[in-house]
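>>> Show me how the following folds:
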Amino acid sequence: MDVNRLSTPPQHHFFGYYGINPWDSTGTHHLALETDFHTHRPLPADVAAVGLIHRETHDFTAYARTSAFNLQQGSMLHWIGDAFTFNDWEDGTLVSRAVHPATGIVRTIQGSIAAVSPTAPIAIGLNYARMAHCRAVVGYANKMNPDDIVAQPEDDGLYLLNLQDGSARLVLSIAEVVRRSGGERLVGGRAWFNHVLFNTDGTRLLFFCRCRHENGFDSSLWTVNPDGSDVAMQIPFGYRVSHFDWRTPTQILVSSDITGEMGFVVFSDGACDFMPFGRGVLPSDGHASFSPDRQWLLCDTYPRGSRRLAQLMVYHIAENRKVVLGEFHHEKQFTGDIRCDLHPRWAPDGTTVTFDSVHEGSRQIYRVDLSLL
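Residues are numbered from 1 along each chain as shown. Got it, this is the predicted structure:
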């Protein structure tokens, strides 16, 4: 496959996370952050430019700046109509900004966006300031005193954000989810939510609840309505559970060892009817997302082997067939908080994939044309 660099050095460019559409409605401009560093975890004073990369000229145009970002997930950039959003700080509080690039108009939304509904003018917010003291790689650097972080708060969790009037309200607390889990091993552990995703019709959410212990953290997988009702634990603490996507409004794909060995499984929301998916063809884990027509799965691996090659692939579901799009060498320094997961993302028409990589030495965004598949 022909892989082309979309962004231009020497500045570093990255989008951040997988499973989110980075392209505007014309398919001309791709959302990105631009920094002059990428080999240390962002500090409170570090700033990224927020802007758009032109598909043909590869020029980056900055529209704003933010210090609410990390190298793994960026600033959780999203399109909402003809405007794009990014997370930001305002007087020490996290907010999100909605920028209309054609007019320059900027609106402020209370709370930092984690996921945007595909069908309604709402989003779900997370407290990335708190997350910096739970799992720093996915939080936003700040000067909060770690001793002030409540382990399992009643007043923090999932926030419902109104994208029209900019308001926010807490709909599900971390404390409530920990209580519902019934896990004795969680007593006193610092817990947090992460990786929120709306289903395909915007009626349901997936999210992780994670909790610290002496040797790392445990994870559990949950679904809930956007208003915080009908919360349900899908995979309890004690199992490995990693990346996920919605295949339909009710069917979920996740990498987990819930069936005995780590690998992708599919199941129905609330049914616990776990079935292996792509075993022997797909990797045991990866940043996986379904194509817009739901016929293909896009996935990657972490750097593997002595050559530290991260593999990018698509998988044809009906044919149980994998197509390797490329393998990309990542130097040994790119581990931990400064690693560069490929985090591949579909374009809305399903003919283009973009991903972040450091295989040429700097952190840049790359594009793969899938029209010949």
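>>> Quick one: low-confidence residue ranges for the stretch 151-300 of the chain.
Applying pLDDT under 70 to the stretch 151-300 of the chain flags the ranges 184.
>>> Any idea how far the lengthiest helix in the chain is from the middle of the chain?
Counting residues, the longest helix found in the chain (DSSP state H) is helix 174-181. Helix 174-181 has its C-alpha centroid displaced from the chain centroid by 23 Å (C-alpha atoms, centre = their mean, to the nearest Å).
>>> Beyond that helix, next helix or strand please.
Tracing the chain past helix 174-181, the next element assigned as helix or strand by DSSP states H and E is strand 191-198.
>>> So which elements touch that next one?
Here strand 191-198 touches strand 113-116, helix 128-131, strand 157-162, helix 174-181, strand 205-213, strand 241-246, going by 3 or more C-beta pairs under 8 Å, 6 or more residues apart in numbering; DSSP states H and E. Glycine gets a C-beta too; all of them are placed from N, C-alpha and C.
>>> With respect to Phe60, which of the ones you listed lies nearest?
For Phe60, the closest of the helices and strands packed on strand 191-198 is strand 113-116, at 21.8 Å, according to C-beta to C-beta.
>>> The helix or strand containing Ala62: how far from the chain's middle?
Assigned by DSSP H and E, Ala62 belongs to strand 60-66. The chain centroid and the centroid of strand 60-66 are separated by 21 Å under C-alpha atoms, centre = their mean.
>>> Give the pairing partners of it; include direction for each.
Here strand 60-66 has these sheet partners by DSSP bridges: strand 48-54 (antiparallel).
>>> May I see the buried residues of the strand it pairs with?
For strand 48-54, a neighbour-count test (16 or more other C-beta atoms under 10 Å) marks Ala48, Ala49, Val50, Gly51, Leu52, Ile53 as buried.
>>> Make TSV out of those and add pLDDT.
Listed next are these as TSV, based on pLDDT from 0 to 100:
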residue	pLDDT
Ala48	98
Ala49	98
Val50	98
Gly51	98
Leu52	98
Ile53	98
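>>> Turn these into JSON lines, columns for distance to Val137.
What follows is the buried residues of strand 48-54, written out as JSON lines (distance: C-beta to C-beta, whole Å):
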{"residue": "Ala48", "distance to Val137": "16"}
{"residue": "Ala49", "distance to Val137": "21"}
{"residue": "Val50", "distance to Val137": "20"}
{"residue": "Gly51", "distance to Val137": "24"}
{"residue": "Leu52", "distance to Val137": "26"}
{"residue": "Ile53", "distance to Val137": "24"}
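>>> Looking at those, which one is closest to Gly74?
Ala48 (8.0 Å).
>>> surely that closest one meets Ser67?
Yes: contact criterion C-beta atoms under 8 Å: Ala48 and Ser67 qualify, at 7.4 Å.
>>> quick one: common contacting residues for these two?
Common neighbours of Ala48 and Ser67 (criterion: C-beta atoms under 8 Å, 6 or more residues apart in numbering): Pro42.
>>> Check the gap between the closest residue to Ala318 other than its chain neighbours and Tyr315 for me.
Nearest residue to Ala318 in three dimensions, chain neighbours excluded: Gln295, at 6.9 Å (C-beta to C-beta, 6 or more residues apart in numbering). Distance, Gln295 to Tyr315, using C-beta to C-beta, to the nearest Å: 10 Å.
>>> Out of the helices and strands packed on strand 191-198, which is the most enclosed?
For the helices and strands packed on strand 191-198, the largest average neighbour count (mean count of other C-beta atoms under 10 Å) is found in strand 113-116, namely a mean of 26.
>>> contacts for whichever helix or strand comes after it?
Next helix or strand after strand 113-116 toward the C-terminus (DSSP H and E): strand 122-125. With C-beta under 8 Å, 6+ apart as the test, strand 122-125 has contacts from 78, 80, 85, 96, 109, 111-117, 158-163, 168, 196, 198, 205, 226.
>>> For Asn145, which residues are in contact?
Counting by C-beta under 8 Å, 6+ apart, Asn145 touches no other residue.
>>> Report pLDDT for it.
On pLDDT, Asn145 comes in at 92.
>>> quick one on the thing from earlier: check the buried residues of strand 48-54 against Asp218 and report the nearest one.
Ala48 (31.6 Å).
>>> What is the neighbour count of the closest residue to the closest one other than its chain neighbours?
Excluding the flanking residues, the one nearest Ala48 by C-beta to C-beta, 6+ apart is Leu33, at 4.2 Å. Using other C-beta atoms under 10 Å, Leu33 is surrounded by 28 other residues.
>>> Ile365 touches Leu52, doesn't it?
No: with contact defined as C-beta under 8 Å, Ile365 does not count as touching Leu52 (11.5 Å).
>>> which neighbours do the two share?
Residues touching both Ile365 and Leu52 by C-beta under 8 Å, 6+ apart: His30, Ala32.
>>> So which residues make contact with stretch 176-191?
133-134, 149, 151-152, 154, 157, 174, 193, 209-213, 217-218, 220, 222, 231, 233, 236-238.
>>> Let's see that with 10 Å instead.
With C-beta atoms under 10 Å, 6 or more residues apart in numbering as the test, stretch 176-191 has contacts from 130, 133-135, 146, 149-154, 156-158, 172-175, 193, 207, 209-214, 217-218, 220, 222, 224, 228, 231-233, 236-238.
>>> quick revisit: wait, which of the helices and strands packed on strand 191-198 is closest to Gln72?
Across those, closest to Gln72 is helix 128-131 (C-beta to C-beta), at 11.1 Å.
>>> helices and strands around that closest one, which ones?
When contacts are defined as 3 or more C-beta pairs under 10 Å, 6 or more residues apart in numbering; DSSP states H and E, helix 128-131 sits against strand 93-99, strand 191-198.
>>> one more time with 8 Å
strand 191-198.
>>> Dump the strand it packs on to PDB, restricted to CA.
What follows is strand 191-198, C-alpha atoms only, in PDB (Å, rounded to 0.1, in the frame of the first residue of the first chain):
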ATOM      1  CA  ALA A 191     -10.400   5.000  40.400                       C
ATOM      2  CA  TRP A 192     -11.100   6.800  37.200                       C
ATOM      3  CA  PHE A 193     -13.200   6.600  33.900                       C
ATOM      4  CA  ASN A 194     -11.600   6.600  30.500                       C
ATOM      5  CA  HIS A 195     -12.200   5.700  26.800                       C
ATOM      6  CA  VAL A 196     -15.800   6.800  26.300                       C
ATOM      7  CA  LEU A 197     -17.500   5.900  23.100                       C
ATOM      8  CA  PHE A 198     -21.100   6.500  21.800                       C
END
